[in-house]
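Undergrad: sequence first, predicted coordinates after that:
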Amino acid sequence: MKKGNIVSLEDRIPKIKQQRKRKANRRLILLLSIFFLLIVCVAYFQSPFSKVNKIEVTGNSLLSNQTILKNSKIKKGMNVWGINRKETQKRLTEMPEVKKAKVSVHLPNNITIHISEYGKIAYLAKGTSFLPVLENGKIIRDAPMKGIPVNSPILSDFLQGNVLNEMVKELGKVPDEIVNSISEIQYTPKKTDKYHITLFMNDGFEVSATIRTFAGKMVHYPSIISQLDPNKKGVIDLEVGSFFKAYDSEGENQNEKKEDKR
């Protein structure tokens, strides 16, 4: 072995002591840091900063902030980290008006509840009041509207159930501009068709249709009325084919204007 590669024990001992000292210092710093962090955590959880200070509700129009807060069960003064966000979101989406709900925590102690509601697609006539009907078919009975709605069709003689659900489903398939042109939809079942309906349009025409084919037939409504005399009102029959019968026609099938079958 070459003499230059020989290291005496006396030379190695100081280096070993320095390495051990550095390791001990690092260990001490780590332990002190953990200890300090634990003190900070304990102080935080015991301080007002860990308690809910502000709750903000966004995205709601059908439901009041108070109703949403009540169902969320989140209150000021609760521990921020004691809130089960998934459970709260599930509880909120069980409300018929709520499509989605998201609960967010903003440090140090603020909560945001964002609500996505089902849209209003029509109103159900109930005496002198009108109950909002949502796109999921639910009728909101605790928020009746006084006065005739002008921004959605009025549903008459419908009950909550399969027929109403089918009607709402079909309305959801129809373009908004056509839905907005409908003034009223009356449920007028026949012996041969329990899904028969009668529509009264804002432009003065009447439509006879069946719920089962409603969406597919009503998309052609603009092209149908473009071929009719706007001053001559009547019934547009969309049950089987598509034809028009003026109100002032005399005798069966007189003055009927046949349209292309849809």
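TA: Right, received. Where do you want to start?

Undergrad: chain center to stretch 72-79, what's the gap?
TA: Distance of stretch 72-79 from the chain centroid (CA atoms, centre = their mean, to the nearest Å) equals 24 Å.

Undergrad: give the contact list for Ser116.
TA: With contact taken as CB atoms under 8 Å, 6 or more residues apart in numbering, Ser116 is in contact with 59, 98-101. To be clear about C-beta, it is placed using only N, CA and C from the backbone, and glycine gets the same treatment.

Undergrad: what's the nearest residue to it if we skip its chain neighbours?
TA: Counting by CB to CB, 6 or more residues apart in numbering, Lys100 is the residue found nearest to Ser116 once chain neighbours are left out, at 4.0 Å.

Undergrad: before we move on, which element is the one you found in?
TA: strand 98-106 (DSSP states H and E).

Undergrad: who does that strand pair up with?
TA: Using DSSP bridges, the strands paired with strand 98-106 are strand 110-117 (antiparallel).

Undergrad: need the CA coordinates for the strand it pairs with. CSV is fine.
TA: Listed next in CSV are the C-alpha coordinates belonging to strand 110-117 (Å, rounded to 0.1, in the frame of the first residue of the first chain):
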residue,chain,number,x,y,z
ASN,A,110,-64.3,30.6,5.5
ILE,A,111,-66.8,28.2,3.8
THR,A,112,-68.3,28.5,0.3
ILE,A,113,-71.4,26.5,-0.7
HIS,A,114,-72.0,26.6,-4.5
ILE,A,115,-75.3,25.3,-5.7
SER,A,116,-76.4,24.3,-9.2
GLU,A,117,-80.2,24.2,-9.4
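
Undergrad: and which of the contacts of Ser116 is nearest Lys76?
TA: Taking CB to CB as the measure, Lys76 lies nearest Ala101 of those, at 19.3 Å.

Undergrad: so how far is Thr58 from the closest one?
TA: Distance of Ala101 to Thr58, computed by CB to CB, to the nearest Å: 11 Å.

Undergrad: which one of those two has more residues nearby?
TA: Ala101 (24 against 11; other CB atoms under 10 Å).

Undergrad: the more buried one: what's it in contact with?
TA: Counted by CB under 8 Å, 6+ apart, Ala101 has contacts 88-89, 92-93, 113-116.

Undergrad: quick one on the thing from earlier: and the contacts of Ser116, which are buried?
TA: 59, 98, 101 (16 or more other CB atoms under 10 Å).

Undergrad: tell me the helix or strand right after the helix or strand containing Leu30.
TA: For Leu30, the element it lies in under DSSP H and E is helix 9-46. The C-terminal neighbour of helix 9-46 among helices and strands, as given by DSSP H and E, is strand 54-58.

Undergrad: which parts of that following strand are buried?
TA: Buried residues in strand 54-58, counting neighbours by 16+ other CB under 10 Å, are found at 55, 57.

Undergrad: mind listing what it pairs with, with the direction of each?
TA: Strand 54-58 is paired, per DSSP bridges, with strand 110-117 (parallel).

Undergrad: what's the first helix or strand after the partner strand?
TA: Later in the chain than strand 110-117, the nearest helix or strand by DSSP H and E is strand 120-126.

Undergrad: got a markdown table for the contacts of Ala101, with distance to Val80 too?
TA: Compiled in a markdown table, the contacts of Ala101 are given as follows (distance: CB to CB, whole Å):
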| residue | distance to Val80 |
| --- | --- |
| Thr88 | 13 |
| Gln89 | 16 |
| Leu92 | 18 |
| Thr93 | 22 |
| Ile113 | 14 |
| His114 | 17 |
| Ile115 | 20 |
| Ser116 | 24 |
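
Undergrad: would a markdown table of those with distance to Phe200 and pLDDT be doable?
TA: Putting the contacts of Ala101 into a markdown table (distance: CB to CB, whole Å; pLDDT from 0 to 100) gives the following:
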| residue | distance to Phe200 | pLDDT |
| --- | --- | --- |
| Thr88 | 44 | 96 |
| Gln89 | 41 | 96 |
| Leu92 | 38 | 97 |
| Thr93 | 36 | 95 |
| Ile113 | 40 | 97 |
| His114 | 38 | 97 |
| Ile115 | 34 | 97 |
| Ser116 | 32 | 97 |
